[in-house]
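Participant: okay, here's the prediction I keep looking at, along with the sequence it came from:
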Amino acid sequence: MSNEIKCPLYKKCGGCQIQNLNYDKQLEFKMKKVVKLVGRFHRVDDIIGMENPYHYRNKVQAAFGRDRQNRIISGVYQSSTHRIVPVDSCLIEDKKADEIIVTIRGLLKSFKLKPFDDVKMTGFLRHVLVKRGFSSGEIMVVLVTGSEEFRSRRSFINALLSRHPEITTIVQNINSRRTSLVLGEKSIVLYGSGVISEQLCGFTFTISPKAFYQINPVQTEILYGKAMEFAAIRDDEIVIDAYCGTGTIGIIASKNAGRVIGVELNRDAIKDAKRNARLNSVGNIDFVCADAGEYMVGIAEQGLKADVVIMDPPRAGSDVKFLKSVVRLSPSRIVYISCNPETLARDLLFLSKNNYKVRKIQPVDMFPHTEHIETVVLLTRKAPANAPARLSKHPQKRK
Ligand code: SAH
């Protein structure tokens with residue numbers, strides 16, 4: 001069945017792989033995929049879809065360049081190429097963010113500023129990144145430039161603000177390298193505080209230009225709500241928030257927990273996490289900058305205990321070191337938040353063979369029209385903690 005709303009760029013852009021299906025069919029497609037991959041561990045609850053599955057993205061990114069007629073264009077890279085597909089509006093992106101990007105494109109011309117040419121490595125504007133706090137209403141614009149020099153900077157900012165007074169902060173990020181990464185190392189705050197805030201599950205979080213933050217705030221509340229329901233944390237319990245990013249899940253969990261420890265590899269994210277804990281006056285949480293697996297091995301060796309492990313790894317899933325140490329630490333519950341059902345299936349197989357049983361599987365549609373699937377899973381320990389569990393091999397290692 002085809003979708004009633006169609007994007008003219010559907011084929012060229014490649015971002016919304018399943019937009020040809022209407023939304024009910026998309027949910028069916030995702031549900032089937034989860035059942036196929038992890039249904040053997042437990043019954044899968046019905047996927048939670050969005051009431052309004054459009055314009056949900058709170059972070060919008062546009063690359064700048066020129067078309068064959070030498071006109072300035074902005075948009076997305078065609079999948080697996082370096083060609084820019086011009087985009088003025090997108091069905092899944094925040095509308096205001098799209099409008100701001102179109103305004104900036106117009107201003108470039110009137111200010112005689114050039115888009116960056118990443119073959120010749122000349123020109124000015126490479127990318128624009130807009131982040132919007134849906135509940136706070138705050139908007140951050142990041143102008144990614146090839147060098148620090150910004151001609152007519154003040155008047156450019158004033159012109160942008162006069163057209164979009166709703167912008168609360170503007171940051172210039174300098175990326176002079178030949179790289180496919182959008183953001184460079186250095187950022188200069190041009191207007192406002194350089195960050196925006198957002199409310200989630202009753203807490204306030206600061207979002208900086210580089211930090212990871214879930215891109216669908218409406219569904220994130222639902223996803224984290226499910227994670228908390230599954231974790232059912234009591235006020236004397238110790239919780240580990242592994243792969244914690246900027247600390248969102250751990251801070252939300254801290255409300256019910258005795259103590260929370262967040263572990264994350266990215267130093268900038270840890271800084272943000274600590275700031276978020278202070279901002280919310282949360283006193284029972286600590287953040288550690290470390291490889292989650294190594295940290296867990298360390299605390300297991302010290303004979304420490306945790307009651308609940310919440311894990312939210314990247315698409316590649318977890319690793320054998322981490323999973324083995326979780327089994328050794330032997331929490332009574334594990335809540336696994338996954339953005340890739342394939343690696344989830346692999347990791348659940350390991351945990352099911354090592355003293356854990358899958359009790360709940362809940363897919364949540366965080367990315368309507370795309371093929372991506374988010375799933376939250378509850379596992380509980382089968383035998384008591386002091387009955388030593390024999391580790392079986394991780395499926396990855398069998399290859
Ligand atoms: N739980 C967070 C972030 C999840 S994204 C949230 O919901 O906002 C996954 C995070 O895992 C990223 O922040 C990434 O930096 C981190 N990460 C990746 N590999 C890691 C590892 N080996 N150890 C610890 N953290 C890791």
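Facilitator: Perfect, thanks for sending it.
Participant: hey, let's count contacts and neighbours off CA atoms from now on
Facilitator: Noted.
Participant: return the residues of the stretch 151-300 of the chain in contact with the ligand.
Facilitator: 213-214, 243-246, 248, 263-266, 290-292 (Cα under 6 Å from any ligand atom).
Participant: for those residues, give me CSV that also has secondary structure and pLDDT.
Facilitator: CSV is the format used below for these (DSSP: H, G, I helix; E, B strand; the rest coil; pLDDT from 0 to 100):
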residue, secondary structure, pLDDT
213, coil, 90
214, coil, 93
243, coil, 96
244, coil, 97
245, coil, 94
246, coil, 94
248, helix, 97
263, strand, 97
264, strand, 96
265, coil, 94
266, coil, 90
290, coil, 97
291, coil, 95
292, helix, 94
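Participant: now for the residues you listed, which sits with the most neighbours around it?
Facilitator: In terms of neighbour count, residue 246 stands highest of these at 31 neighbours, by other Cα atoms under 10 Å.
Participant: just the element for residue 363, please.
Facilitator: strand 356-364 (DSSP states H and E).
Participant: what's the average pLDDT for that strand?
Facilitator: Mean pLDDT, strand 356-364: 98.
Participant: residues contacting it, please?
Facilitator: Strand 356-364 is contacted from outside by 31, 34, 41-49, 219, 222-223, 226, 230, 348, 351-352, 373-382, using Cα atoms under 8 Å, 6 or more residues apart in numbering.
Participant: give me the buried entries from those residues.
Facilitator: Buried members of these, counted by 16 or more other Cα atoms under 10 Å: 31, 34, 41, 44, 47-49, 219, 222-223, 226, 230, 348, 351-352, 373-382.
Participant: narrow the contacts of strand 356-364 to those in helices?
Facilitator: Judged by DSSP state H, the contacts of strand 356-364 include 31, 34, 219, 222-223, 226, 230, 348, 351-352 as members of helices.
Participant: from those residues, which is closest to the ligand?
Facilitator: Nearest to the ligand among these is residue 223, at 9.5 Å by Cα to the nearest ligand atom.
Participant: hmm, back to that, please see if the strand holding residue 363 touches the ligand.
Facilitator: No. On the criterion Cα under 6 Å from any ligand atom, strand 356-364 is out of touch with the ligand, staying 13.6 Å away.
Participant: for that strand, the distance to its chain's centre please.
Facilitator: Relative to the centre of its chain, strand 356-364 is centred 21 Å away, using Cα atoms, centre = their mean, to the nearest Å.
Participant: widest-spaced pair of the ones in helices among the contacts of strand 356-364?
Facilitator: Spatially, the most separated pair among the ones in helices among the contacts of strand 356-364 is 219 and 352, at 28.1 Å (Cα to Cα).
Participant: how is this structure partitioned into domains?
Facilitator: 23-51+216-390, 59-200 (automatic domain parsing).
Participant: please identify the most buried of these.
Facilitator: Neighbour counts averaged per stretch over these are highest for domain 23-51+216-390, at a mean of 19; criterion: mean count of other Cα atoms under 10 Å.
Participant: now that domain, how far from the chain's geometric center?
Facilitator: Between the mean C-alpha location of domain 23-51+216-390 and the chain-wide mean there is a distance of 14 Å, by Cα atoms, centre = their mean.
Participant: try stretch 78-96
Facilitator: Taking Cα atoms, centre = their mean, one finds stretch 78-96 lying 18 Å from the centre of the chain it belongs to.
Participant: residues contacting the residue lying closest to residue 211 once chain neighbours are set aside?
Facilitator: Leaving aside its chain neighbours, residue 211 sits nearest to residue 269 (5.9 Å; criterion: Cα to Cα, 6 or more residues apart in numbering). Contact analysis of residue 269 by Cα under 8 Å, 6+ apart lists 211-212, 245-247.
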